[in-house]
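Colleague: structure for this input, please:
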Amino acid sequence: MNDRIIELSSCPAYVSVDNGLITLDFKTVLPRVQVPPGEIAAVVAAHYAVTFTREAVALLADSGAQVVICDKRGLPAAMLMPLRGFHQPATRLMQQAATKEPVRKRLWRQVVRSKVRAQGAMLHQLRGDAAGLRQMAIDVKSGDTGNIEGLAARIYWRKLFGDDFRRDPDGFDQNRFLNYGYGVLRALTCRAICAAGLHPGLGIHHHHRANAFCLADDLMEPFRPLVDEIVFQLWNEKMGVAELTPVLKKRLLAILTRRLTLDGESRGLLDVLARLSISLASVIEGRRKTLSLPQWDCPVPALQAAPLQAEPSNPVEP
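Modeller: Numbering: from 1, shown residues only. I've put the predicted structure just below:
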């Protein structure tokens with residue numbers, strides 16, 4: 001399964017194809033790297049001097065890989081998504097667009113319940129107390145008419161980062177790390193959605209004419225606390241320094257190493273996202289009622305964080 005991410009941030013790189021392999025050439029002392037396209041989940045281009053050949057982009061798309069382009073701040077700014085990957089896309093897209101409001105509300109209830117449970121589990125892991133979020137998850141109604149998601153968020157952020165923290169996409173604090181991690185998670189969720197023959201712009205709850213990834217924003221919600229955990233560790237280690245260096249970006253990509261419990265089995269994050277997207281397609285087609293979401297235990301097994309170190313010599317992540 002394609003489960004590797006290539007993060008290009010430390011030096012200029014030329015991405016091409018050689019003998020059917022994605023080939024990385026660096027204008028430094030780094031050796032040439034070649035990777036089978038079928039092993040790649042995503043390529044994150046964060047350095048200002050990364051160049052792709054048309055053949056490389058097409059091969060990555062054909063293999064189902066995501067290409068994420070970052071802006072000058074190093075934050076994800078654009079995603080190139082494969083258009084192929086499912087044998088009957090038109091039929092499924094029409095079914096997705098025709099999904100009735102009661103079904104969407106029921107699905108959003110499942111998503112919010114899972115997210116609040118995940119937040120409670122993460123607070124239990126990092127702070128020793130779920131802060132009542134497990135009970136709040138039980139109280140979520142269809143469509144989350146009681147705004148449990150918002151109420152839980154206020155408790156969650158205050159308990160996790162302190163009373164003064166505010167979730168602000170433009171904030172120069174923990175928010176910088178959160179933005180980067182969420183951007184990568186969003187890209188990977190988009191990849192899973194497209195692979196299931198769904199359109200990432202047709203959400204079950206999020207909706208905005210300027211947002212091409214509403215469905216990705218829906219389905220990624222329960223997994224945000226996995227990013228929050230890494231940011232919590234980094235913020236404590238860096239003593240409040242918000243500089244988003246290549247080394248810290250590499251640490252944020254550790255979200256890809258997470259194992260989650262799904263249907264009683266331990267599975268990787270990419271596998272879980274794929275199964276979640278496929279389960280949504282089954283709901284849309286009327287073949288099942290519920291989404292395939294992780295079981296959030298309290299506490300969630302802790303991520304084993306590697307110590308901060310110098311810039312790595314090899315940009316290819318396993």
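
Colleague: isn't residue 92 right up against residue 281?
Modeller: Yes: contact between residue 92 and residue 281 holds when scored by C-beta atoms under 8 Å: they sit 6.2 Å apart. In short, each C-beta sits where N, CA and C put it, glycine included.

Colleague: quick one: common contacting residues for those two?
Modeller: Common neighbours of residue 92 and residue 281, counting by C-beta atoms under 8 Å, 6 or more residues apart in numbering, are 197, 198.

Colleague: if I've got this straight, residue 79 is in a helix?
Modeller: No: secondary structure of residue 79 (DSSP: H, G, I helix; E, B strand; the rest coil): strand, not part of a helix.

Colleague: burial measure for the residue lying closest to it once chain neighbours are set aside, as a count.
Modeller: Leaving aside its chain neighbours, residue 79 sits nearest to residue 187 (5.0 Å; criterion: C-beta to C-beta, 6 or more residues apart in numbering). With neighbours defined by other C-beta atoms under 10 Å, the count for residue 187 comes to 25.

Colleague: how confident is the prediction for residue 187, by pLDDT?
Modeller: Residue 187 is assigned a predicted lDDT (pLDDT) of 84.

Colleague: for residue 44, give me phi and psi.
Modeller: Backbone torsions of residue 44, given as degrees, to the nearest 10, read phi -110, psi 110.

Colleague: which residues does it bridge with?
Modeller: According to DSSP bridges, residue 7, residue 68 are recorded as the beta-bridge partners of residue 44.

Colleague: looking at it, it is touching residue 8, isn't it?
Modeller: Yes: the pair residue 44 and residue 8 qualifies as a contact (C-beta under 8 Å) at a distance of 6.7 Å.

Colleague: tell me which of these two has more neighbours.
Modeller: Neighbours were counted for residue 44 and for residue 8 using other C-beta under 10 Å; residue 44 has more, 26 against 21.

Colleague: so where do the strands sit in the stretch 51-200 of the chain?
Modeller: 66-70, 76-80 (DSSP state E, counting those that start in this stretch).

Colleague: least reliable of these by average pLDDT, please.
Modeller: For those, the stretch scoring lowest in mean pLDDT is strand 76-80; its value is a mean of 78.

Colleague: quick one: strands adjacent to that one?
Modeller: Strand 76-80 sits in its sheet next to strand 66-70 (antiparallel), going by DSSP bridges.

Colleague: for residue 234, helix, strand, or coil?
Modeller: Per three-state DSSP, the local secondary structure of residue 234 is helix.

Colleague: state the distance from it to residue 244.
Modeller: Residue 234 is 10 Å from residue 244, where distance means C-beta to C-beta, to the nearest Å.

Colleague: which residues do the two both contact?
Modeller: For the pair residue 234 and residue 244, residues contacting each of them under the criterion C-beta under 8 Å, 6+ apart are residue 177.

Colleague: hang on, residue 204 packs against residue 97?
Modeller: No: counting by C-beta under 8 Å, residue 204 does not reach residue 97; the two are 11.8 Å apart.

Colleague: quick one: residues contacting the residue nearest in space to the middle of the chain.
Modeller: Using C-alpha atoms, centre = their mean, the residue of the chain that lies closest to the mean C-alpha position is residue 185, 1.3 Å off. Taking C-beta under 8 Å, 6+ apart, we find residue 185 in contact with 220, 223, 224, 226, 227, 255.

Colleague: count the residues that sit near the closest residue to the third one other than its chain neighbours.
Modeller: It stands for residue 224. Nearest residue to residue 224, sequence neighbours excluded (C-beta to C-beta, 6+ apart): residue 182, at 6.5 Å. A count of neighbours around residue 182, defined by other C-beta under 10 Å, yields 23.

Colleague: and residue 182, how far from residue 227?
Modeller: Look at residue 182 and residue 227: by C-beta to C-beta, they are 6 Å apart.

Colleague: neighbours around the closest residue in space to residue 139 that isn't next to it in sequence, how many?
Modeller: Here the nearest residue to residue 139 in space, its sequence neighbours aside, is residue 148; by C-beta to C-beta, 6+ apart that works out to 6.0 Å. Neighbour count for residue 148, taken as other C-beta under 10 Å: 21.
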